[in-house]
Each structure stands twice: as structure tokens, then as C-alpha cells.
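> Give me a 3D structure for the following:
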Amino acid sequence: MRRKPVTRGQITALLGSSALALAAGTALAQPATSDLVEKGRYLATAGDCVACHTAPGGKPYAGGLYITFPGGIGKLATPNITPDKETGIGNWSDDDFRKAMHQGITKNGSYLYPAFPFPWYTRLTDDDVRAVKAYLFSLEPVNAPRKPADIAFPFSIRDGLLAWRLAFFTEGRFKPDPKASEEVNRGAYLVEGPGHCGACHNGSKLVGASQWSGYLEGGTIDGWYAPNLSGDDNQGLGKWSEDQLFTYLKTGAAPGRAGVVAGPMRQVIEESLSKMTDGDVRAIAVYLKTLAPKPTYTPDVTSDFKQASTAPGADTYLNRCVACHRPDGQGQPGAIPPLAGNGAVLAKGPETVIRVILGGLDAKGEYAAMPAVGVGMSDAEIAAVTNYVRQTFGNQAPPTAEPGQVATLRA
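Residues are numbered from 1 along each chain as shown. I've put the predicted structure just below:
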């Protein structure tokens, strides 16, 4: 769930990310109550604000994490959102903070890049925004000047964001569905508001902010593929039970489901979802299970291991993968996840499979760690075996992995 910014041609690259800059703040008109601060802490956890606003080795919420925009556009560091009055948000009023959260406008009146998920935060209630501000102002002030940006012209001109805003951003609070249960509406609020799940899982990052284009149907984020969350049986959550989804969101793995959490979602679970109440995580699961199926590709391959034994990538699979994942791709119950029916393998994009081959995967739940088997493999071998597992064992995902894509992700 998180981060990216601005452009239509090259604007698409810059506009598509997620949680970049909680560049908002406030000076409290009166002392916040402990209940308000605690509510804000919980909401900041639900939004995983610390993930973007903490540099590697830096102090929490002091900013400094560089977000790199694709296409050679450049990079931008997230801001300090501690209550430091010189370098943070200590001089922001309640209204300053609300404008940043609800409108994407900073204290000085400039536009925020939509990498900061204000298109989702605009759905938060005024009370919830006030609570987040109260929590941030309860933190220890950290003097941490904003690191310099390195964004190519003309994307460095923030006034140019006006065109994007006019086309794609609509301010407005969350409106409950009167036909849905309280639990479903709570889940929808968390997904569409503080959780800003569409920042990663929407299909279109250009118009996906306020227009909900490709709503939760899956998309590429930071070199990973955020999976389809719709009710599709093949690519999405159609075959998941509510209990399986709840367990996965809390722990990163679920009994009876192939695969374990990887990439940015692992951080989301560790820093956010695992720390939320069971009731709220359950509400998210209940809401997601109400989404209609939205397949993003048409399966067009029917294969089994025998038919695919001479296909490109088969030799690599036999030499590198079969000992753990077995000839039929079923893995080893309680130790190695299956590749057959694995959500990451069935995704529209091959990015997650490639990155797991390249970088391995830590142990999670009942599953053992996977070594970085791709370290000694060529880009062509990795592309071939990626396509192989995506079209074998009953899988019917597009065989779109290419050596050049592997090289980019390897770098």
C-alpha cells in the first residue's frame, strides 16, 4: 500500500506511486487529550506513515527517505513530520494540516506531488485528521532539514501539478454505503482512506487516485507487482475464505493458501496491519470479499508438466527449483509453498516472481526461507524460468518476462 508522482506520457511515470510526503503539520490550539493522541497513533499505524517518513538508519518520522521516480525523472526526499518548528511541521496550524491531508496543499500554498496519498487521505474524517496531527505533535521534535530534491525540468515545477489535479483529483470525505453493513463500511473506509491500498493495488496509477480507475485490480509498484484484490477466482481473492484473508493480512501467510507475503506488502503487514485490531483487519477482509471479480487478462495456455518439459526454462527449473518445489510445482506442505495456483505466480505482471528469484525470501509462517537462487543465473535464464512457472502446473499467466526486465530489477 504506498508511493509515486507526476505526468501523462512521462506524466504517467511520475503520477503513479503512493505514500511519499506527509508534508503537513500544525500548531495545536490547545493541548491534545491522551485519547486523541492514541487515536492518532493508531491511524498513523493504519496508514504506515513511518514507512515513507523514515530514512534508513534515521529517526522515525524525521523524513529523508528518497523516492525515485521512474523514467529518469529524478528523486525526492520525504519531509520531516515531527513537531520541530525549524525543519518539521511544528508551526503548522490545524487548518494547514487539514489542507495537506484533504487537498494536497502545503502550508506555503504549493501543491504536493500525488506520491503523497492525499487523494486517499481526502476521505478521512476531520476528526481523524485532527487525531493524526495530535499524535505527530506528541512526538519528540527532530531537527532534520529536508534533503535536496533532484527532479528534472519541467517536473520540478509544482505549479505544473495543477493540470493533474483538475483532471484526476476530487476532494471529498468517505461516504458509507447505506446498503452495506457497519463492518463492510469500516473496512471500505480503512482501505480507501488511511490504508490507501489503491496507491499500490490500483491498475492505473495515472487516474487511479480519485477516479478509482482499475480499482484494486493489481498494478506495478516499486518493481513489484501488487496483486489483484478483486473477487476473481484465478487472479484475485475469489477462492480465499474470509478467515484465510484475515490471517494473511495479520501474519503474511495463511493455511491452505499458496505463497507468503513479499516486497512492500511485507513491510505493510509488519509495521501496520499486524499492529491493528483484529476487528479492523477482519473488516478489511470482509470488505475485500465483497468486491466483484475483475480479471485483467484472459488465460490462453493449457499446459502440464509433460507438455512443458521441453519448453524454455524447463531445464533451469529442473536444475534450480525442482528439489524444493517438486516436479509438479506443489512444493512441500508445511515447508515450501506451491507454485501451482500461487497468487504471485498468477499475477498479471511477472515482477514479483523475478524479484523473489533474484533476492530470495525470508521465512514466514510455516514456510522456510527461499535462497536467492538467481544470483548465479543469467537474465535470460531467469526470464525463461519465470515464464515457465507462470505457464506450467495449471498456471495460465502471461509469459511476459524478458531479460531486459530482469536486468532492470537486478540492478
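
> Wait, residue 172 touches residue 122, no?
Yes. Assessed by CB atoms under 8 Å, residue 172 is found in contact with residue 122 at 6.2 Å. Bear in mind the C-beta positions are built from the backbone N, C-alpha and C, glycine included.

> who are the neighbours in contact with residue 124?
43, 101-102, 132, 173-174, 193-194 (CB atoms under 8 Å, 6 or more residues apart in numbering).

> Show me which of these are buried.
The neighbour-count test (16 or more other CB atoms under 10 Å) marks 43, 101-102, 132, 174, 193-194 as buried among those.

> out of those, which are inside helices?
43, 101-102, 132 (DSSP state H).

> ranges for the strands of the stretch 151-300 of the chain?
Assigned by DSSP state E, counting those that start in this stretch, the stretch 151-300 of the chain shows strands spanning 219-221, 224-226.

> Can you tell me which of those is most buried?
Ranked by average neighbour count under the criterion mean count of other CB atoms under 10 Å, those are headed by strand 224-226 at a mean of 25.

> Residue ranges in the protein under the pLDDT threshold?
Filtered on pLDDT under 70, the chain yields the residue ranges 1-32, 69-72, 152-156, 158-160, 164, 204-213, 300-309.

> Got the domain ranges for it?
Following automatic domain parsing, the chain resolves into domains at 11-168, 182-288, 305-410.

> Contact partners for the closest residue to residue 406 other than its chain neighbours?
Excluding the flanking residues, the one nearest residue 406 by CB to CB, 6 or more residues apart in numbering is residue 379, at 4.1 Å. Residues counted as contacts of residue 379 (CB under 8 Å, 6+ apart) are 403-404, 406-407, 410.

> buried subset of the residues you listed?
406, 410.

> Generate a markdown table for the contacts of residue 379, with secondary structure as supplementary columns.
As requested, those are exported to a markdown table (DSSP: H, G, I helix; E, B strand; the rest coil):
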| residue | secondary structure |
| --- | --- |
| 403 | helix |
| 404 | helix |
| 406 | helix |
| 407 | helix |
| 410 | helix |
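
> could the contacts of residue 379 go into TSV alongside distance to residue 328?
Below are the contacts of residue 379 laid out as TSV (distance: CB to CB, whole Å):
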residue	distance to residue 328
403	27
404	31
406	25
407	31
410	29
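
> quick one: which of the contacts of residue 379 is nearest to residue 93?
Proximity of those to residue 93 (CB to CB) peaks at residue 410, which lies at 47.1 Å.

> right, and the closest one touches residue 359 too?
No. Using CB under 8 Å, residue 410 makes no contact with residue 359, being 9.2 Å away.

> intersection of neighbour lists for those two?
Both residue 410 and residue 359 are contacted by residue 374, under the criterion CB under 8 Å, 6+ apart.

> Relative to residue 342, how far out is residue 217?
For residue 217, the distance to residue 342 (CB to CB, to the nearest Å) stands at 18 Å.

> typed the wrong thing, it's residue 275
Distance from residue 275 to residue 342, by CB to CB: 27 Å.

> So for the two, which residue has more residues nearby?
residue 342 (24 against 15; other CB atoms under 10 Å).

> residue contacts, the more buried one?
Applying CB under 8 Å, 6+ apart, the residues near residue 342 are 258-259, 395.

> Next up, the contacts around residue 280.
46, 186-187, 190 are the contacts of residue 280 under CB under 8 Å, 6+ apart.

> got the contact list for stretch 397-411?
Stretch 397-411 is contacted from outside by 223, 297, 299, 301, 345-351, 353-355, 358, 374, 378-380, 382-384, 386-387, 390-391, using CB under 8 Å, 6+ apart.

> Out of the residues you listed, which sit inside helices?
Counting by DSSP H, the contacts of stretch 397-411 contribute 345-346, 351, 353-355, 358, 379-380, 382-384, 386-387, 390 to helices.

> Nearest to residue 112, out of those: which one, please.
Distances from residue 112 to the ones in helices among the contacts of stretch 397-411, taken by CB to CB, are shortest for residue 351, at 27.1 Å.

> Count the neighbours of the closest one for me.
With other CB under 10 Å as criterion, residue 351 counts 25.

> Next: residue 196.
Using other CB under 10 Å, the number of residues around residue 196 comes to 28.

> I'd say residue 225 and residue 343 touch.
No. Applying CB under 8 Å as the test, residue 225 and residue 343 come out as separate, 10.0 Å apart.

> quick check, nearest of the ones in helices among the buried ones among the contacts of residue 124 to residue 325?
The nearest member of those to residue 325, counting by CB to CB, is residue 43 at 40.6 Å.

> what residues are up against the closest one?
When contacts are counted by CB under 8 Å, 6+ apart, residue 43 touches 124, 128, 131-132, 135, 194.

> Could you work out the most separated pair of the residues you listed?
Counting by CB to CB, the most remote pair of the contacts of residue 43 is 124 and 135, 13.2 Å apart.

> got the strands of the stretch 151-300 of the chain as TSV, with distance to residue 234 columns?
Formatted as TSV, those follow (distance: least, CB to CB, whole Å):
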stretch	distance to residue 234
strand 219-221	17
strand 224-226	15
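
> From residue 124, how far out is the residue nearest to residue 388 when sequence neighbours are not counted?
If the residues on either side of it in the chain are set aside, residue 388 comes closest to residue 313, at 3.0 Å by CB to CB, 6+ apart. Distance, residue 313 to residue 124, using CB to CB: 46 Å.

> ditto for residue 57
From residue 57 to residue 124 the distance is 30 Å (CB to CB).

> count of neighbours near the nearest residue in space to residue 165 that is not next to it in sequence?
Leaving out its chain neighbours, the residue that sits closest to residue 165 by CB to CB, 6+ apart is residue 111, at 6.8 Å. Taking other CB under 10 Å as the criterion, the count of residues near residue 111 is 19.
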